[in-house]
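Engineer: The sequence and its predicted three-dimensional model are supplied below.
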Amino acid sequence: RKEVEQDPGPFNVPEGATVAFNCTYSNSASQSFFWYRQDCRKEPKLLMSVYSSGNEDGRFTAQLNRASQYISLLIRDSKLSDSATYLCVVRLIRQRRALTFGSGTRLQVQP
Amino acid sequence: ETGVTQTPRHLVMGMTNKKSLKCEQHLGHNAMYWYKQSAKKPLELMFVYNFKEQTENNSVPSRFSPECPNSSHLFLHLHTLQPEDSALYLCASSQERGGNEQFFGPGTRLTVL
C-alpha cells in the first residue's frame, strides 16, 4: 500500500466550479500535512499547510480527518490559473524534516 | 537571486560518464535535500543534509554520491548511471527549526542514454 495515495485524475472542471481532492495516508504516526502545487515542468511549491481544525486561505480550504487518515482540499470558484497538479504531503514524527509525497492529482480548469 | 537554484537545468549523459548536479540556496536555511521525480511517480526523497551533515540516505544506490560543503551548497555526483535513472532531480531547502515548508529549486532534467 502506498504511504500517500491520491486519485491521479485528471479532474476537468469549468471555470467557476468547485472541486475537491482527497488524499489518504497509511501511517498513523504522520504528524504534519501539506498541499503542494506543481505546475507542468516546474518545481513543487507549498500551497497550504493542513491543520487539525481545518483551515482556509481564500478560495482554498483544507481539512484533516485523523481518524480516517485522510486529507482534503477544496477549491471554490476555480480559475484557469488553478490548473496544475496538487500534491498531498505528509511528514512522519520520526522523520524530523523529510516529507512523503503523493503522486499528485491533476486539475485542468477549462474556459 | 532566486531562492534555490540548480544547474544544469538539462543534462544528457552516457552510462559511463561522470557528472555533477549543483544546488545553491540563498535563503539562509540549514537543511537541504535531494529528491528524484520520475514520470507518474511521487517525489522520492534521496538524501537529507542538516548543518552540512547527512542525516538521511534513503537506500540510494552508490552511483549517486551527495556532497554538502556548506549549508548553502549541495551537489549530487553521478557515476555509471542506468537509463532508469533518467528523471527530474529536485533540490530543496528548509529551516532546521520552525517552519516545515520546503523550498524547491527548478530541478535538473536528466536523461541517461
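Structural biologist: Arrived safely, thanks for sending.

Engineer: Chain A contacts on chain B?
Structural biologist: By C-beta under 8 Å from any C-beta of the partner chain, the residues of chain B that approach chain A are B:31, B:33, B:40-43, B:45, B:48, B:50, B:55-56, B:58, B:90, B:94, B:96, B:100-102, B:104-107. No exception for glycine: its C-beta is placed from N, CA and C like everyone else's.

Engineer: Now the buried members of these.
Structural biologist: With burial judged by 16 or more other C-beta atoms under 10 Å in any protein chain shown, the buried subset of the residues of chain B next to chain A is B:31, B:33, B:42-43, B:45, B:48, B:50, B:56, B:90, B:94, B:100-102, B:104-107.

Engineer: Among the residues you listed, which ones are in strands?
Structural biologist: Among those, the residues falling in strands (DSSP state E) are B:A31, B:Y33, B:L45, B:V48, B:N50, B:E56, B:L90, B:S94, B:F104.

Engineer: wait, the first one sits on B:Q95?
Structural biologist: Which is B:A31. Yes: proximity of B:A31 to B:Q95 meets the contact threshold set by C-beta atoms under 8 Å, at 7.1 Å.

Engineer: What strand or helix carries B:L78?
Structural biologist: According to DSSP states H and E, B:L78 maps onto strand B:73-79.

Engineer: Could I get the buried residue list for that strand?
Structural biologist: B:H73, B:L74, B:F75, B:L76, B:L78.

Engineer: counting contacts, what elements does the helix or strand bottoming out on mean pLDDT in chain B pack onto?
Structural biologist: When each helix and strand of chain B is scored by mean pLDDT, DSSP states H and E, strand B:53-57 comes last, with a mean of 78. Judged by 3 or more C-beta pairs under 8 Å, 6 or more residues apart in numbering or on different chains; DSSP states H and E, the packing partners of strand B:53-57 are strand B:44-50, strand B:64-70.
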